[in-house]
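>>> Sequence and predicted model, in that order:
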Amino acid sequence: MLRQQILANTAVYSLCSPERQRRRGIFRRLSFFFLAVLAVASLGVDQAEGREISGRAHVVDGDTINIGANKIRLSGFDAPESKQSCRRDDAVYNCGLVATEALRQLTVGQTVRCQTSEKDRYGRWIGTCFVNDLNVGAWMVSKGYAVAYRRYSSAYIADEEAAKAQGRGLWAGSFVMPWDWRRGKRLVEAPAANQTCHIKGNISRNGDRIYHTPDSPSYSRTKISEDKGERCFNSEADAAAAGWRPAKY
């Protein structure tokens, strides 16, 4: 009787053993499948969220750097292009090179840390960068070397408004916004040196339209920026008719 029971159990085990093996094979395949899915999902998250890049920076222009093989477009602000000209004190200067040099001086010999988010259509990482705890974008905009890129970010609007109010950098003269310059817009030509500006129509920081005659104490130091809407008049009557008021002195 005992022998028959053992033989019966052996027969049952022999029948079940292939089934167990089949199930184990299915389980292994499912395990590999889920692991592969998790790996792909993890890769997708890393790509979407970007990564932190740090090291010594090579400055390309006023808003682009290279760290190793990574090209990074600093986000939230726009600097004048390398060949862009601006005007200050009736003189034209290359404000693109000024911005580039300012960024170079800020980062030279420093470890720059960038938190990137994604890549743009040119293959550049888009990121916010720091030198120690200093936000590079905030510094560039607050010093007037660049402007807030309002189309894409509101991060540096307050820095731009402060720079504009204090007449720093670009705001000390006249310039074309970098995005307009890339579309072909250029500064309005300054009046010829031999052109007489008898009445100077100036616009104050508060938006007041004030004209200065040669008798005004501020006449000689008043500069006309036509791209801001300032202009010369042939007479006080012309200035008054255009909405300007006389300077108080």
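Alright, I've got the coordinates.

>>> Domain map for this structure?
Domain assignment of the chain by automatic domain parsing yields the ranges 52-182, 199-246.

>>> For Val188, find the nearest of the ones you listed.
domain 199-246 (4.6 Å; C-beta to C-beta). Glycine gets a C-beta too; all of them are placed from N, C-alpha and C.

>>> before we move on, back to that, and among the domains of the chain, the most buried is which?
Among those, ranked by average contacts under mean count of other C-beta atoms under 10 Å, first place goes to domain 52-182 (a mean of 18).

>>> start to end distance for it?
One end of domain 52-182 sits 30 Å from the other (C-alpha to C-alpha, to the nearest Å).

>>> same thing with stretch 188-200?
Using C-alpha to C-alpha, one end of stretch 188-200 lies 17 Å from the other.

>>> just to revisit the earlier point, mean pLDDT added to the domains of the chain, as a markdown table?
What follows is the domains of the chain, written out as a markdown table (pLDDT from 0 to 100):
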| stretch | mean pLDDT |
| --- | --- |
| domain 52-182 | 96 |
| domain 199-246 | 85 |
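
>>> Distance to Val188 for those domains - can I get that in CSV?
Below are the domains of the chain laid out as CSV (distance: least, C-beta to C-beta, whole Å):
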stretch, distance to Val188
domain 52-182, 8
domain 199-246, 5
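
>>> what pairs with the helix or strand hosting Asn202, and is each one parallel or antiparallel?
Following DSSP states H and E, one finds Asn202 within strand 199-203. The pairing partners recorded for strand 199-203 under DSSP bridges are strand 209-212 (antiparallel), strand 231-233 (antiparallel).

>>> List the contacts of the residue found closest to Ile65 once you drop the neighbours it is linked to in the chain.
Nearest residue to Ile65 in three dimensions, chain neighbours excluded: Ala57, at 4.3 Å (C-beta to C-beta, 6 or more residues apart in numbering). Contacts for Ala57 (C-beta atoms under 8 Å, 6 or more residues apart in numbering) come out as Ile65, Asn66, Ile67, Thr107, Gln110, Val112, Cys129.

>>> Out of those residues, which two sit at the greatest distance?
The span of the contacts of Ala57, defined through C-beta to C-beta, is set by Asn66 and Gln110 at 14.4 Å.

>>> How is Trp139 assigned, secondary-structure-wise?
At Trp139 the chain is in helix, as set by DSSP: H, G, I helix; E, B strand; the rest coil.

>>> How much space separates it from Arg205?
Look at Trp139 and Arg205: by C-beta to C-beta, to the nearest Å, they are 23 Å apart.

>>> Disregarding residues adjacent in the polypeptide, which is nearest to Val176?
Nearest one to Val176, counting by C-beta to C-beta, 6+ apart, is Lys185 at 5.1 Å.

>>> The one you found - how many residues pack around it?
Using other C-beta atoms under 10 Å, Lys185 is surrounded by 12 other residues.

>>> what helix or strand is it on?
Following DSSP H and E, one finds Lys185 outside all helices and strands.

>>> what's the answer for Glu160, then?
Using DSSP H and E, Glu160 falls in helix 157-165.
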